[in-house]
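Participant: Dropping the sequence and predicted coords here.
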Amino acid sequence: MRIGILKCGQSPELLRGELGDYDTMFEQLLAGRGFEFTSYHVENMEFPQSVHDAEGWLLTGSRHGVYEGHSFIAPLEDFIRSAYADHVPMVGICFGHQIIAQALGGKVVKYPGGWSVGAQDYDFGGENVTLNAWHQDQVVERPGGAELAGSNAFCENAALVYDDRAFTVQAHPEFQDDFVQGLIETRAKGVVPEDVLDRARGKMGSPLHSSGIAERIERFFKTPRVANRKQGAA
């Protein structure tokens, strides 16, 4: 099964060589699950020709806000709406989670409660899931058709599912502790409050459930879809 990775940003250059870029992190997270990958750097306006160029799409994180006026935002939202209409499955992580919600009528804001950084516990239907987070923006209003799949006290809409068309997660199953530590060193100074970073440092080494989210992503992509319509089909 071919998955197109829509790269909405890049990891910091100082970390990229050793720890990888966002697309390669997802390739590693989903390795051994029967997927092949093609990456498109949509942040640089590199888009697929069609929503049917892959059997599913994965939208990555980004340092940008979905409400900002970057040139790639509007065409990415158009792409999301087209894939949604044609039942081509999408998975969105962090920025990807937010841009799918915004494209489909939800609301994303810079959260007044501040930052979530490092290992966080989420309730996924009664199952405790610990994942690394790195965000200040949040989905504060779910679009029509989105159902809550994961939540915690700080981030109500931590994971959403849109029937068989989209599964999105605010946290980062692809981030291991070494990458979070790298972000603290390269992107956090003067941006993230020091007490938030201290809490994140204190949680380093917590057992993460990234593989459990990888399993959920695999099941979602491989769910049979009757209404996955090809262009030109009756």
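Facilitator: Yep, that arrived. Since the structure is predicted, the reported quantities are computational estimates derived from the model, not experimental observations.
Participant: use CA for all of it now, contacts and neighbours both
Facilitator: Will do.
Participant: Quick one: mean pLDDT over stretch 162-178.
Facilitator: For stretch 162-178, mean pLDDT is 97.
Participant: Stretch 3-14 too?
Facilitator: On average, the pLDDT along stretch 3-14 is 95.
Participant: And that stretch, end to end?
Facilitator: End-to-end distance of stretch 3-14 (C-alpha to C-alpha, to the nearest Å): 27 Å.
Participant: With stretch 59-79 instead?
Facilitator: Taking C-alpha to C-alpha, the span from the opening residue of stretch 59-79 to its closing residue is 11 Å.
Participant: Give me the contact list for it.
Facilitator: Residues from elsewhere that reach stretch 59-79 (C-alpha atoms under 8 Å, 6 or more residues apart in numbering): 5-10, 22-23, 42-45, 51, 90-100, 102-103, 108-109, 137.
Participant: Helices of the protein, residue ranges please.
Facilitator: 13-19, 22-29, 73-85, 95-103, 177-186, 194-202, 210-222 (DSSP state H).
Participant: out of the ones you listed, deepest packed?
Facilitator: When the helices of the chain are scored by mean count of other C-alpha atoms under 10 Å, the highest mean neighbour count falls to helix 95-103 (a mean of 26).
Participant: lowest confidence element among the helices and strands of the protein?
Facilitator: Of all helical and strand segments in the chain, the minimum by mean pLDDT, DSSP states H and E falls on helix 13-19, at a mean of 89.
Participant: Now distance to residue 156 too, for the helices of the chain, in JSON lines please.
Facilitator: Output for these, formatted as JSON lines (distance: least, C-alpha to C-alpha, whole Å):
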{"stretch": "helix 13-19", "distance to residue 156": "30"}
{"stretch": "helix 22-29", "distance to residue 156": "25"}
{"stretch": "helix 73-85", "distance to residue 156": "23"}
{"stretch": "helix 95-103", "distance to residue 156": "13"}
{"stretch": "helix 177-186", "distance to residue 156": "22"}
{"stretch": "helix 194-202", "distance to residue 156": "19"}
{"stretch": "helix 210-222", "distance to residue 156": "18"}
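Participant: Roughly how far does residue 159 sit from residue 91?
Facilitator: The value you get for residue 159 to residue 91, if C-alpha to C-alpha is used, is 11 Å.
Participant: can you check residue 98 too?
Facilitator: Following C-alpha to C-alpha, the distance that separates residue 98 from residue 91 is 11 Å.
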